[in-house]
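Enquirer: What follows is a predicted protein model with its sequence.
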Amino acid sequence: MEPRYPGHAPEHKLMLLDFLDARRQAILGKVGSMPYEAMSSSNVPSGWTPLGMLTHLVFMERRWLVYGFLAEPVRDPQGDRDADHRFQVPHGWGYLELSALYASQAARTRAIVEAADLSDRAALGGWFTTPEESPTLGWILLHVLGEYVQHAGHLDIVAELLSDER
(Lines give C-alpha, C1' and ligand atoms only; values in the text may rest on other atoms or scores of the structure.)
Protein backbone atom coordinates (compact mmCIF):
# COMPACT_ATOMS: atom_id res chain seq x y z
CA MET A 1 0.00 0.00 0.00
CA GLU A 2 1.39 3.37 -1.00
CA PRO A 3 1.30 5.76 1.99
CA ARG A 4 -0.75 8.92 1.73
CA TYR A 5 0.94 12.18 2.56
CA PRO A 6 -0.22 14.64 5.22
CA GLY A 7 -3.30 16.44 4.04
CA HIS A 8 -4.49 13.65 1.74
CA ALA A 9 -6.04 11.30 4.29
CA PRO A 10 -9.62 12.35 5.06
CA GLU A 11 -9.13 12.06 8.80
CA HIS A 12 -6.44 11.74 11.45
CA LYS A 13 -7.21 8.09 12.09
CA LEU A 14 -6.43 7.16 8.49
CA MET A 15 -3.24 9.23 8.52
CA LEU A 16 -2.04 7.34 11.60
CA LEU A 17 -2.87 4.02 9.94
CA ASP A 18 -1.06 5.04 6.76
CA PHE A 19 2.06 6.09 8.69
CA LEU A 20 1.93 2.81 10.61
CA ASP A 21 1.66 0.86 7.33
CA ALA A 22 4.65 2.75 5.92
CA ARG A 23 6.75 1.98 9.03
CA ARG A 24 5.78 -1.69 8.84
CA GLN A 25 6.82 -1.84 5.19
CA ALA A 26 10.15 -0.21 6.03
CA ILE A 27 10.80 -2.72 8.83
CA LEU A 28 9.94 -5.71 6.61
CA GLY A 29 12.14 -4.31 3.85
CA LYS A 30 15.09 -3.90 6.20
CA VAL A 31 14.82 -7.35 7.76
CA GLY A 32 13.86 -9.07 4.51
CA SER A 33 16.89 -7.70 2.68
CA MET A 34 19.30 -9.26 5.18
CA PRO A 35 20.88 -12.67 4.65
CA TYR A 36 19.17 -15.27 6.87
CA GLU A 37 22.19 -15.62 9.12
CA ALA A 38 22.16 -11.86 9.77
CA MET A 39 18.42 -11.96 10.57
CA SER A 40 18.95 -14.58 13.23
CA SER A 41 22.19 -13.37 14.81
CA SER A 42 23.01 -10.31 16.86
CA ASN A 43 25.35 -7.46 16.01
CA VAL A 44 24.66 -5.41 19.14
CA PRO A 45 25.79 -5.77 22.78
CA SER A 46 22.22 -6.27 24.09
CA GLY A 47 21.92 -9.43 21.99
CA TRP A 48 18.68 -8.82 20.08
CA THR A 49 18.37 -10.14 16.54
CA PRO A 50 16.40 -8.67 13.62
CA LEU A 51 14.01 -11.65 13.78
CA GLY A 52 13.65 -11.04 17.53
CA MET A 53 12.80 -7.41 16.78
CA LEU A 54 10.19 -8.49 14.23
CA THR A 55 8.73 -10.89 16.79
CA HIS A 56 8.62 -8.09 19.34
CA LEU A 57 6.74 -5.80 16.95
CA VAL A 58 4.11 -8.46 16.21
CA PHE A 59 3.55 -9.13 19.93
CA MET A 60 3.75 -5.44 20.89
CA GLU A 61 1.07 -4.44 18.40
CA ARG A 62 -1.16 -7.35 19.48
CA ARG A 63 -0.63 -6.43 23.16
CA TRP A 64 -1.66 -2.82 22.66
CA LEU A 65 -4.56 -3.23 20.24
CA VAL A 66 -6.09 -6.64 20.99
CA TYR A 67 -5.21 -7.20 24.66
CA GLY A 68 -4.94 -3.55 25.65
CA PHE A 69 -7.58 -1.67 23.65
CA LEU A 70 -10.16 -4.45 23.14
CA ALA A 71 -9.31 -6.32 26.38
CA GLU A 72 -9.55 -9.63 24.52
CA PRO A 73 -7.62 -12.49 26.05
CA VAL A 74 -4.50 -13.38 24.08
CA ARG A 75 -2.25 -16.37 24.46
CA ASP A 76 1.10 -15.41 25.95
CA PRO A 77 0.98 -11.60 25.55
CA GLN A 78 4.66 -11.40 26.61
CA GLY A 79 5.77 -14.25 24.33
CA ASP A 80 8.28 -12.00 22.59
CA ARG A 81 10.49 -11.83 25.69
CA ASP A 82 12.58 -14.38 27.54
CA ALA A 83 12.94 -14.60 31.33
CA ASP A 84 15.49 -11.76 31.21
CA HIS A 85 13.06 -9.59 29.16
CA ARG A 86 15.16 -9.84 25.99
CA PHE A 87 13.49 -10.23 22.61
CA GLN A 88 13.16 -13.86 21.59
CA VAL A 89 11.91 -15.77 18.58
CA PRO A 90 9.65 -18.73 19.43
CA HIS A 91 11.14 -22.07 18.38
CA GLY A 92 10.57 -22.87 14.72
CA TRP A 93 9.63 -19.33 13.70
CA GLY A 94 11.51 -17.80 10.77
CA TYR A 95 11.13 -14.80 8.51
CA LEU A 96 8.28 -16.29 6.45
CA GLU A 97 6.20 -17.18 9.52
CA LEU A 98 6.90 -13.83 11.14
CA SER A 99 6.11 -11.78 8.05
CA ALA A 100 2.77 -13.63 7.72
CA LEU A 101 1.95 -12.95 11.40
CA TYR A 102 3.06 -9.35 10.92
CA ALA A 103 0.65 -8.92 7.99
CA SER A 104 -2.16 -10.62 9.88
CA GLN A 105 -1.69 -8.35 12.91
CA ALA A 106 -1.54 -5.29 10.64
CA ALA A 107 -4.91 -6.24 9.13
CA ARG A 108 -6.37 -6.84 12.59
CA THR A 109 -5.10 -3.47 13.82
CA ARG A 110 -6.60 -1.70 10.81
CA ALA A 111 -9.98 -3.36 11.43
CA ILE A 112 -9.91 -2.43 15.13
CA VAL A 113 -9.00 1.19 14.42
CA GLU A 114 -11.49 1.62 11.58
CA ALA A 115 -14.29 0.40 13.88
CA ALA A 116 -13.51 2.89 16.66
CA ASP A 117 -12.90 6.58 17.27
CA LEU A 118 -9.53 7.95 18.34
CA SER A 119 -11.18 9.29 21.49
CA ASP A 120 -12.50 5.84 22.52
CA ARG A 121 -10.89 4.51 25.67
CA ALA A 122 -9.42 1.04 26.05
CA ALA A 123 -11.83 -1.54 27.42
CA LEU A 124 -11.30 -2.71 30.97
CA GLY A 125 -10.12 -6.21 31.66
CA GLY A 126 -6.98 -6.63 29.56
CA TRP A 127 -4.13 -4.43 30.70
CA PHE A 128 -6.35 -1.81 32.25
CA THR A 129 -8.54 -2.27 35.29
CA THR A 130 -9.80 1.26 35.96
CA PRO A 131 -11.18 3.97 33.68
CA GLU A 132 -8.50 6.38 34.95
CA GLU A 133 -5.64 4.25 33.60
CA SER A 134 -7.38 3.39 30.33
CA PRO A 135 -5.78 5.32 27.43
CA THR A 136 -7.54 6.48 24.29
CA LEU A 137 -7.13 4.71 20.97
CA GLY A 138 -5.31 7.79 19.67
CA TRP A 139 -2.75 7.56 22.48
CA ILE A 140 -2.28 3.83 21.84
CA LEU A 141 -1.72 4.41 18.11
CA LEU A 142 0.87 7.11 18.81
CA HIS A 143 2.63 4.79 21.24
CA VAL A 144 2.66 1.92 18.71
CA LEU A 145 3.91 4.25 15.98
CA GLY A 146 6.66 5.45 18.32
CA GLU A 147 7.76 1.84 18.89
CA TYR A 148 7.96 1.30 15.13
CA VAL A 149 9.97 4.46 14.55
CA GLN A 150 12.38 3.64 17.39
CA HIS A 151 12.94 0.06 16.24
CA ALA A 152 13.29 1.05 12.58
CA GLY A 153 16.22 3.18 13.74
CA HIS A 154 17.70 0.21 15.56
CA LEU A 155 17.44 -1.84 12.37
CA ASP A 156 19.13 0.99 10.44
CA ILE A 157 22.12 0.65 12.74
CA VAL A 158 22.27 -3.13 12.26
CA ALA A 159 22.00 -2.72 8.47
CA GLU A 160 24.87 -0.22 8.59
CA LEU A 161 26.98 -2.61 10.66
CA LEU A 162 26.25 -5.40 8.17
CA SER A 163 27.24 -3.25 5.20
CA ASP A 164 30.54 -2.41 6.95
CA GLU A 165 31.25 -6.15 7.29
CA ARG A 166 31.01 -6.70 3.52
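Expert: Arrived safely, thanks for sending.

Enquirer: Which strand or helix spans the one residue sitting closest to the centre of the chain?
Expert: With distances taken as Cα atoms, centre = their mean, the chain has L57 as the residue nearest its mean C-alpha position (3.1 Å). According to DSSP states H and E, L57 maps onto helix 50-62.

Enquirer: And the very next helix or strand once past that helix, what does it pack against?
Expert: Moving toward the C-terminus from helix 50-62, the first helix or strand encountered (DSSP H and E) is helix 95-114. If you count contacts as 3 or more Cβ pairs under 8 Å, 6 or more residues apart in numbering; DSSP states H and E, helix 95-114 packs onto helix 12-32, helix 50-62, helix 137-165. (C-beta placed from N, C-alpha, C; glycine too.)

Enquirer: could you give me the average pLDDT of helix 95-114?
Expert: Helix 95-114 shows an average pLDDT of 95 in the prediction.

Enquirer: can you pull the buried residues of it?
Expert: For helix 95-114, the buried set under the neighbour-count rule, 16 or more other Cβ atoms under 10 Å, comprises 95, 98-99, 101-102, 105-106, 109-110, 112-113.

Enquirer: Could you report the neighbour count for D80?
Expert: D80 has 23 neighbouring residues, counting by other Cβ atoms under 10 Å.

Enquirer: For it, give me its contacts.
Expert: 52, 55-56, 58-60, 87-88 (Cβ atoms under 8 Å, 6 or more residues apart in numbering).
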